[in-house]
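[1] Next input, structure requested:
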Amino acid sequence: MAVTLRPRPSVPGSRILAYGAARGDVHVSNDDLAGPIDSSDEWIRQRTGIISRTRASAGHSVADLAHEAAAEAIANAGITAADVDVIIVSTVTFPYATPSLAALLGARLGNPELVAYDISAACAGFCYGIGQADALIRSGTARTVLVVGAEKLSDFVDPTDRTISFLLGDGAGAAVLTASDTPLVGPTIWGSGGENWESIRMTSSMLEFRDGTAPWPTMRQDGRTVFRWAVWHTADIVRRALDEAGLTVQDIDVFVPHQANMRIIDELAKQLSLPDSVVIARDIAETGNTSAASIPLATHRLLSEGLASSGDVCVQIGFGAGLVYAGQVVVLP
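    Model prediction:
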């Protein structure tokens, strides 16, 4: 016997209500890291654009960073944790495979009954989360969603590694999304390039560490492969995100790419022929590469410093280990 299920009421779109941020509590200069990699402040600046980065002290966990950012986002949105239906946390550095950081975060915020799950999409993770939140809201499955990108990358750094260690920082960024009569989050363009899976990787698996056949896993990357892939693929993803939103490069007010490397950011701006009026996020100079946290941290800084304003059209694009990518147009709160 055929049955028809009751349809779920949908809504036209979603919007971002507010952002929150938490950076590591320790400022680490290039000089602090140059010795073990036989380098210098000048070499690191020229190669990455990083002047310093923030890292979390030993007693400051990735869960602490996520909680701080989430609490600020909720407060800035003018709601309470009880109003949140879903928490999505993107992280690759929570030290437990299970349970999720999202479930712990819900309990810490005082709403342990909500829907909570983690995603592993590295530096594209925040944009993955925004895409999922938008879909959940538009489908009527959720009304208000908290998206968090949180990383303590310093737990997985080899101080002697010259491929990625000097890039990495710690932090968390969060955004609260809710239903909107007008779509203010554009379609998400996302995917992966799995043929480059090993371009950003761990040195070994946790099983190898457990068995004593490998030391504690730390991060590594093939910088040349990542640079070429990011520059030549990411600009096209931005163009697709704009096209899906019905906009052009001329409509952009703010550009927030993943804060991976200043040279990549500059090359993307050149590839896209961004107008001089576009504000480009360059948070990497003082925060470093914080993976899933980098886009919300950079956006939070622009809003806090008055470089971006409510109603600005912002294009955000994340790309990283996998190699995964995701981007969309959002209207800033």
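[2] which helix is the longest one in the chain?
    helix 223-244 (DSSP state H).
[3] Show me what counts as buried in it.
    223, 226-227, 229-231, 234-235, 237-239, 241-242 (16 or more other C-beta atoms under 10 Å). All C-beta atoms are positioned from the backbone trio N, CA, C, and that covers glycine.
[4] just the CA coordinates of that helix, formatted as PDB?
    Only the C-alpha atoms of helix 223-244 are listed here, as PDB (Å, rounded to 0.1, in the frame of the first residue of the first chain):
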ATOM      1  CA  GLY A 223      53.900  22.800  -0.400                       C
ATOM      2  CA  ARG A 224      54.400  23.100  -4.200                       C
ATOM      3  CA  THR A 225      51.500  20.700  -5.000                       C
ATOM      4  CA  VAL A 226      49.200  22.500  -2.600                       C
ATOM      5  CA  PHE A 227      50.200  26.000  -3.900                       C
ATOM      6  CA  ARG A 228      49.600  25.000  -7.500                       C
ATOM      7  CA  TRP A 229      46.300  23.300  -6.700                       C
ATOM      8  CA  ALA A 230      45.000  26.100  -4.600                       C
ATOM      9  CA  VAL A 231      45.800  28.800  -7.100                       C
ATOM     10  CA  TRP A 232      44.500  27.200 -10.200                       C
ATOM     11  CA  HIS A 233      41.400  25.500  -8.800                       C
ATOM     12  CA  THR A 234      40.200  27.800  -6.100                       C
ATOM     13  CA  ALA A 235      39.700  30.900  -8.400                       C
ATOM     14  CA  ASP A 236      37.300  28.800 -10.500                       C
ATOM     15  CA  ILE A 237      35.300  27.700  -7.400                       C
ATOM     16  CA  VAL A 238      34.900  31.300  -6.400                       C
ATOM     17  CA  ARG A 239      33.600  32.200  -9.900                       C
ATOM     18  CA  ARG A 240      31.100  29.200  -9.700                       C
ATOM     19  CA  ALA A 241      29.900  30.300  -6.200                       C
ATOM     20  CA  LEU A 242      29.300  33.800  -7.500                       C
ATOM     21  CA  ASP A 243      27.500  32.500 -10.600                       C
ATOM     22  CA  GLU A 244      25.200  30.300  -8.500                       C
END
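[5] what does it contact?
    With contact meaning C-beta atoms under 8 Å, 6 or more residues apart in numbering, helix 223-244 is reached by 163-164, 186-189, 193, 196, 199-200, 248-249, 251-252, 257, 260-261, 263-264, 267-268, 271-272, 315, 317, 319, 323, 325, 327-329.
[6] The protein - how does it break down into domains?
    Domain assignment for the chain by automatic domain parsing gives 13-180, 189-331.
[7] Any chance of TSV for these, columns distance to residue 7?
    Converted to TSV, these look like this (distance: least, C-beta to C-beta, whole Å):
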stretch	distance to residue 7
domain 13-180	9
domain 189-331	25
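[8] sorry, back to before: just the ones of the contacts of helix 223-244 in strands?
    189, 200, 257, 315, 317, 319, 325, 327-329 (DSSP state E).
[9] Can you name the two of those residues that sit furthest apart?
    By the measure C-beta to C-beta, 200 and 329 form the most distant pair in the ones in strands among the contacts of helix 223-244, at 26.0 Å.
[10] Return the most buried member of the domains of the chain.
    Highest mean neighbour count of the domains of the chain: domain 13-180, a mean of 21 (counted as mean count of other C-beta atoms under 10 Å).
[11] quick one, strands of the protein?
    Using DSSP E, strands in the chain cover 13-23, 26-29, 52-55, 86-90, 115-119, 144-152, 170-180, 189-192, 200-202, 219-221, 254-257, 279-280, 313-320, 324-331.
[12] got the contact list for the shortest one?
    The set of residues external to strand 279-280 that reach it, using C-beta under 8 Å, 6+ apart, is 253-255, 257, 265, 269, 274, 302, 307-308, 312.
[13] separation between the residue nearest to the spatial centre of the chain and residue 192?
    Nearest to the mean C-alpha position of the chain, counting by C-alpha atoms, centre = their mean, stands residue 292 at 2.9 Å. Per C-beta to C-beta, to the nearest Å, residue 292 is found 15 Å from residue 192.
[14] Residue 47 too?
    In terms of C-beta to C-beta, residue 47 sits 26 Å off from residue 192.
[15] now do residue 260
    Using C-beta to C-beta, residue 260 is found at 16 Å from residue 192.
[16] With residue 12 instead?
    Distance from residue 12 to residue 192, by C-beta to C-beta: 29 Å.
[17] can you tell me which residues contact the spatially closest residue to residue 29 that is not a sequence neighbour?
    Among residues not flanking residue 29 along the chain, residue 52 sits closest, at 4.9 Å (C-beta to C-beta, 6 or more residues apart in numbering). For residue 52, the contact set (C-beta under 8 Å, 6+ apart) comprises 27-30, 286, 288.
[18] Now distance to residue 155 and pLDDT too, for those residues, in JSON lines please.
    Compiled in JSON lines, the contacts of residue 52 are given as follows (distance: C-beta to C-beta, whole Å; pLDDT from 0 to 100):
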{"residue": "27", "distance to residue 155": "18", "pLDDT": "97"}
{"residue": "28", "distance to residue 155": "14", "pLDDT": "97"}
{"residue": "29", "distance to residue 155": "20", "pLDDT": "98"}
{"residue": "30", "distance to residue 155": "21", "pLDDT": "97"}
{"residue": "286", "distance to residue 155": "21", "pLDDT": "97"}
{"residue": "288", "distance to residue 155": "14", "pLDDT": "98"}
